[in-house]
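**Q** Here's a sequence, model it:
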Amino acid sequence: MDESPYLALLWATLKEHPERTGPLSGLYDLELKTEKVPFDAWLAVIWSGEAGVPLPAWAVLIFKDINDQYMGGHIRSLDEAFGFKAVGKGKTSELLRRVHHVQREKLCQDVWKLTLLGYKVLPACRLVARRFQRDAPKIYGESIYRLQPGRGNFAEYLRGLYHKWFKTNRDTWIPFAKPQWLARLAKNKQEYLKQYSID
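**A** You can find the predicted model right below:
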């Protein structure tokens with residue numbers, strides 16, 4: 001795959017600053033999206049600041065377009081323009097949809113990190129599911145704690161999510177993040193496993 005100059009910048013920054021893997025990975029995912037929405041630009045502002053890299057040009061254009069529409073009176077609400085407010089009866093806001101998506105991505109990434117440490121997928125899913133069920137209500141609150149299926153085994157549900165996530169990311173996010181995570185986990189294995197109550 002030919003890389004854009006922005007993707008090359010993300011790679012170069014990651015090599016110099018592996019501690020910024022989280023926001024750099026988020027920007028990498030956004031850069032690969034074919035259709036970007038205003039909420040993507042909002043996230044790009046946050047992640048580019050955290051990663052210490054320039055804001056991507058497409059995000060600047062989205063902000064400019066929204067500003068022009070707002071100043072011209074064509075849109076009434078910036079909340080609506082960026083997807084913070086649900087539009088229409090029974091609709092979910094872009095913010096809430098993205099929070100759920102990010103939750104799922106994070107859980108799948110955690111399963112993947114455990115596989116880097118030698119765990120098989122299902123035992124890794126059990127560890128991640130147990131930690132999520134223990135911690136999520138305290139972290140997320142009831143308004144966005146909706147990942148657990150109403151019935152069935154959460155670890156099995158997570159395994160299904162993980163296999164889809166892995167297939168989607170095996171040629172993009174995974175090769176981008178793998179060298180840095182292997183190095184970090186090699187140094188901090190015991191500390192990392194404490195979140196799963198494993199010493």
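
**Q** Every contact and neighbour count from this point should use C-alpha atoms.
**A** OK.

**Q** Which SSE is immediately downstream of whichever strand or helix holds L127?
**A** The secondary structure element spanning L127 is helix 121-140 (assigned by DSSP states H and E). Per DSSP H and E, helix 121-140 leads on to helix 154-169 as the next helix or strand towards the C-terminus.

**Q** related to what we said a few turns ago, what does the helix holding L127 rub up against?
**A** 107, 110-112, 114-115, 145, 154-156, 158-159, 195-196 (CA atoms under 8 Å, 6 or more residues apart in numbering).

**Q** hmm, which of these are the buried ones?
**A** Burial of the contacts of helix 121-140 was assessed by neighbour count (16 or more other CA atoms under 10 Å); the buried members are L107, D110, V111, W112, L114, T115, Y145, F154, A155, L158, R159.

**Q** what sits against the first one?
**A** Taking CA under 8 Å, 6+ apart as the criterion, L107 is in contact with V128, L158.

**Q** Tell me how far it lies from W165.
**A** Distance of L107 to W165, given as CA to CA, to the nearest Å: 10 Å.

**Q** give me the element the residue nearest the centre of the chain is part of.
**A** Centroid-nearest residue in the chain: V102, 4.3 Å away (criterion: CA atoms, centre = their mean). Per DSSP H and E, V102 falls inside helix 94-116.

**Q** Report the angle between that helix and helix 154-169.
**A** Interaxial angle, helix 94-116 versus helix 154-169 (axes from the mean of the first three to the mean of the last three CA atoms, to 10 degrees): 90 degrees.

**Q** same question for helix 94-116, mean pLDDT?
**A** Helix 94-116 comes out with an average pLDDT of 83.
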